[in-house]
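# turn this into a model:
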Amino acid sequence: MVADVVVEAPDTTTLVFFTGNDRLEYSAGHFLTVDPHQFEALHRFTSFLEDLKGKKEPPRAYSMCSAPHERHLAITVKEERYVSGATKFPPLLSPLLTKRTTRGMRLVVTGFTGPYTLPADISSKTDHIVHVCAGSGSVPNFSILKFALAHHPALRHTFVYSNKMWVDTIFRDELARLAAAHPDRLTVVHSLTREENPAVYGPTVRKGRIGLPLLREVIPQPTGCYVYVCGPGISKFDIAAAKEAGTEPQPRFLEAVLADLKTLGVPNDRIKREFYG
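Numbering: from 1, shown residues only. Coordinates of the predicted model:
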């Protein structure tokens with residue numbers, strides 16, 4: 001049952017679930033899935049898309065922003081938009097979850113799974129976790145961060161987070177509170193690409209994209225840290241469109257960050273990655 005609906009940004013909503021269980025078995029960074037067929041309000045759209053595509057609509061995966069030690073289960077969903085000429089099919093489920101889900105609604109979720117998690121022995125491997133996120137890529141990292149702060153006291157974290165505008169920044173107040181509560185263990189750096197004067201939001205807010213200069217600043221020891229990267233990446237639709245056009249797909253956030261990390265000398269086996277596209 002949906003216990004609370006929290007608007008994080010104009011296009012992003014956190015859904016807090018009451019499950020009846022005090023503790024659920026999952027790992028920080030896991031995602032769950034939601035099947036669109038359970039929603040009567042989507043029936044005609046689901047049927048139309050299945051006729052159009054010639055196949056059944058699959059469940060959608062959403063990362064959990066909650067951490068296993070917290071009493072609630074929660075996911076954060078960013079609304080996908082239909083862009084004429086760029087988006088092949090109109091988004092099906094995310095508009096419903098972000099804009100039309102209310103307290104008291106009941107829905108079936110399936111999970112929990114995903115490889116984007118902390119190893120149980122992470123504290124023996126490093127003392128520094130660097131989170132590099134863009135947009136809703138912050139969601140699993142936020143879960144990992146909260147869990148690690150509570151259960152891995154030897155770890156310190158640098159959370160580097162890119163968005164277009166300050167208003168788009170998910171969890172900005174929660175991240176600030178965590179940084180204030182753990183000043184020796186957490187540093188948060190925001191990077192805004194479309195704000196004219198991002199410095200008005202504080203000394204930790206930068207202008208521009210996350211690139212090599214910023215990564216070099218926050219990763220002083222490239223071979224000693226672990227880096228968790230999550231954000232937009234090249235999708236199968238990008239690959240198909242590029243193939244049809246006879247070109248190579250253009251790198252997105254994930255590919256650009258991975259290239260910069262390679263330049264810095266961060267070992268590949270110390271990089272965890274997850275993308276959406």
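# now the worst-scoring helix or strand of the chain on mean pLDDT, how far from the chain's geometric center?
Ranked by mean pLDDT, DSSP states H and E, the weakest helix or strand in the chain is helix 236-245, scoring a mean of 77. From the chain centre to the centre of helix 236-245 is a distance of 24 Å (Cα atoms, centre = their mean, to the nearest Å).
# next secondary structure after it?
Next along the chain after helix 236-245, taking DSSP states H and E as the criterion, comes helix 253-264.
# report the angle between the next helix or strand after that next one and helix 253-264.
As assigned by DSSP H and E, the chain's next helix or strand after helix 253-264 is strand 271-276. With axes from the mean of the first three to the mean of the last three Cα atoms, to 10 degrees defining the directions, strand 271-276 sits at 160 degrees from helix 253-264.
# and the contacts of strand 271-276?
With contact meaning Cβ atoms under 8 Å, 6 or more residues apart in numbering, strand 271-276 is reached by 29, 63, 114-116, 136-137, 140, 226-235, 252-254, 258, 261. C-beta: built from backbone N, CA, C; applies to glycine.
# and stretch 35-50, by the same measure?
Applying Cβ under 8 Å, 6+ apart, the contact partners of stretch 35-50 are 56-57, 59-60, 89-90, 92-93, 96, 100, 107-108, 110.
# nearest residue to residue 252 other than its sequence neighbours?
Excluding its sequence neighbours, the residue lying closest to residue 252 (Cβ to Cβ, 6 or more residues apart in numbering) is residue 232, at 4.7 Å.
# in strands only, show me the contacts of stretch 35-50.
With strands taken from DSSP state E, the overlap with the contacts of stretch 35-50 comprises 60, 110.
# counting neighbours, which of the contacts of stretch 35-50 comes out on top?
In terms of neighbours by other Cβ atoms under 10 Å, these top out with residue 93 at 20 neighbours.
# that one and residue 64: what is the separation?
Between residue 93 and residue 64 the computed distance is 16 Å (Cβ to Cβ, to the nearest Å).
# again with residue 26
Here the criterion is Cβ to Cβ. By it, residue 26 lies 7 Å from residue 64.
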